[in-house]
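K.L.:
For reference, the sequence and a predicted model appear below.
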Amino acid sequence: MTLIKNQQDIKSIKLSVDGRTYIPTVDTAQLLEAIGGVETLKAMTAVFYKRVFKDPNLSLFFQDTAEPHAERLANWVAEKMAGGDANVDYSKANKNSSGNVLPNSTTSTMQSTFKANIEYPHNNTMEQIDHEDSIRPSASECPLKQIRGVTDGIRECPIWIKHHPWTYEREMFRDLTRKTIFVPKSSLFVRTEKFVRQSIVVHDRSSAHFAGWHSPKRHPSDIGKHFKLDDTRIWLRLHMWAGRSVGLFETNDWEEWSKIDPVKVDSNTIKFIHALNVETKRRFQDWYTKFIAHFSRVYERSAPPFVPLELDWSAKVSNLKQYINNSRQMTDIACITNPDEAIELLDQEDIGKIDDIQRSGWPYDDSLESKTSGD
């Protein structure tokens, strides 16, 4: 099922999964190149995080807005797209034309004996949400080398590094300063509003989410609680809006639409994106929406079927204006955490869309013609 009206106009890229574990492919690597690479993604994520930090609900999950959240998200998406380029032989890529191994320029300045303390609190109920970000060694590729022990390692290969920008940043440059969190203190398995101050190193998705749940900025009654459906739907709406803002998603009435809550982005990147052909934008929107739906289950298991609705929400100027004028409150979905209740509040057309989506097996099955639209 595609979120584009005229499916025949695009070559849809199927979401590749093993079980329910996402796998990058050659098609996604080529799509990344087609849209302009990680710099294009950074433009989208920069707009996204600017609005996240202004949102009164989502901003509470972030203690330090000065951290390079946008760059990390863009690098992570790029790695998820480019990591599956099977045409790259990394075992040869780090040699020059004479067959000599290239010098270890990427790691020579690092202290190889440094080991970061990356422990963070766990409990038996915490979801293991970082398993899809592990690096799986391959016999045909350069051997893994650990610098700080933050990841499974990096390969001393410029092409591998290009295809794994998120892993490279984690191992080489990630700020490992410990962050303060509040952990609710329980007595006889009863939650209280008394807290224990702890500190963790935020080094991956799992620890970042844990830090968000336990952010001191949250209300005492919410500290420690996981993301809920309303949090996730707000996150999705802002994400889809950012894709439209930079021109990666199709948008009607661009002139009027682009004046709403503008975010300054590198002009050359925006010019490049606007010059992309319509088919490339449609393919990216179709695949990326499925990709985001797959990973939205990390935040809230019931979220994926709502993704097409949030894409539609982001396309309507009236919705964007209402959000801004209402002090950035999404009153139609705020505090609605039960998926059945959330569906009951939809109009009949959107309830039909949800039903189609749930029956089709989207985002993993592209076989059903969709009634939803990205326009």
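P.N.:
Yep, that arrived.
K.L.:
Residue 241 versus residue 247, what's the distance?
P.N.:
12 Å (CB to CB, to the nearest Å). Using the backbone N, CA and C atoms, a C-beta is placed for each residue, glycine as well.
K.L.:
Quick one: neighbours of the nearest residue to residue 305 once chain neighbours are set aside, just the number.
P.N.:
Leaving out its chain neighbours, the residue that sits closest to residue 305 by CB to CB, 6 or more residues apart in numbering is residue 357, at 4.6 Å. Residue 357: 24 surrounding residues under other CB atoms under 10 Å.
K.L.:
so residue 357 is in which element?
P.N.:
Applying DSSP states H and E as the criterion places residue 357 in helix 348-360.
K.L.:
likewise residue 195?
P.N.:
Under the criterion of DSSP H and E, residue 195 resides in strand 190-200.
K.L.:
any idea which helix or strand comes after that strand?
P.N.:
Taking DSSP H and E, what comes next after strand 190-200 is helix 205-213.
K.L.:
buried residues in the helix or strand following that following helix?
P.N.:
Following helix 205-213 in sequence order, the next helix or strand is helix 229-245 (DSSP H and E). By neighbour count with 16 or more other CB atoms under 10 Å, helix 229-245 contains the buried residues 229-245.
K.L.:
again with stretch 337-347
P.N.:
Buried residues in stretch 337-347 (16+ other CB under 10 Å): 337, 339, 342-343.
K.L.:
end-to-end on that stretch?
P.N.:
18 Å (CA to CA, to the nearest Å).
K.L.:
Ok, stretch 266-283 next?
P.N.:
23 Å.
K.L.:
ok, and what's touching that stretch?
P.N.:
Applying CB atoms under 8 Å, 6 or more residues apart in numbering, the external contacts of stretch 266-283 come out as 4, 9-13, 31, 34-36, 39-40, 42-43, 246-250, 374.
K.L.:
what's the answer for stretch 209-221, then?
P.N.:
Contacts of stretch 209-221 (CB under 8 Å, 6+ apart): 59-63, 120-121, 126, 129, 179-183, 193, 195, 198, 200, 202, 223-227, 298-299.
K.L.:
SS state for the spatially most central residue of the chain?
P.N.:
Centroid-nearest residue in the chain, with CA atoms, centre = their mean: residue 73, separated by 5.7 Å. State at residue 73, reduced to three classes by DSSP: H, G, I helix; E, B strand; the rest coil: helix.
K.L.:
Quick check: it touching residue 47?
P.N.:
No: assessed by CB atoms under 8 Å, residue 73 is found out of contact with residue 47, at 11.4 Å.
K.L.:
thought residue 43 was touching residue 246?
P.N.:
Yes: at 4.7 Å, residue 43 and residue 246 qualify as touching, with contact defined as CB under 8 Å.
K.L.:
low pLDDT regions in the stretch 201-350 of the chain?
P.N.:
Residues of the stretch 201-350 of the chain meeting the criterion pLDDT under 70: 254.
K.L.:
hmm, back to that, mind listing the shared neighbours of residue 43 and residue 246?
P.N.:
Going by CB under 8 Å, 6+ apart, residues that sit against residue 43 and also against residue 246 are 265, 269-270, 273.
K.L.:
Out of the residues you listed, which comes closest to residue 145?
P.N.:
For these, the minimum distance to residue 145 (CB to CB) is 32.4 Å, reached by residue 269.
K.L.:
Look up how far residue 168 lies from that closest one.
P.N.:
Residue 269 is 21 Å from residue 168, by CB to CB.
K.L.:
same check, this time on residue 27
P.N.:
Applying CB to CB to residue 27 and residue 168 gives a distance of 23 Å.
K.L.:
show me where pLDDT drops low in the stretch 1-150 of the chain?
P.N.:
Using pLDDT under 70, the flagged stretches of the stretch 1-150 of the chain are 1-10, 84-131, 136-141.
K.L.:
So which residues of it form strands?
P.N.:
Along the stretch 1-150 of the chain, counting by DSSP state E, counting those that start in this stretch, strands occupy 17-18, 21-22.
K.L.:
centre of the chain versus the last one, how much separation?
P.N.:
Going back to what we said before, that points to strand 21-22. 14 Å (CA atoms, centre = their mean, to the nearest Å).
K.L.:
what's it packed up against?
P.N.:
helix 278-299 (3 or more CB pairs under 8 Å, 6 or more residues apart in numbering; DSSP states H and E).
K.L.:
If we use 6 Å, what do you get?
P.N.:
Contact partners of strand 21-22 among helices and strands, from 3 or more CB pairs under 6 Å, 6 or more residues apart in numbering; DSSP states H and E: none.
K.L.:
What strands flank that strand, and is each parallel or antiparallel?
P.N.:
strand 17-18 (antiparallel) (DSSP bridges).
K.L.:
quick one on the thing from earlier: restricted to helices, list the buried residues of stretch 337-347.
P.N.:
Using DSSP state H, the subset of the buried residues of stretch 337-347 located in helices is 339, 342-343.
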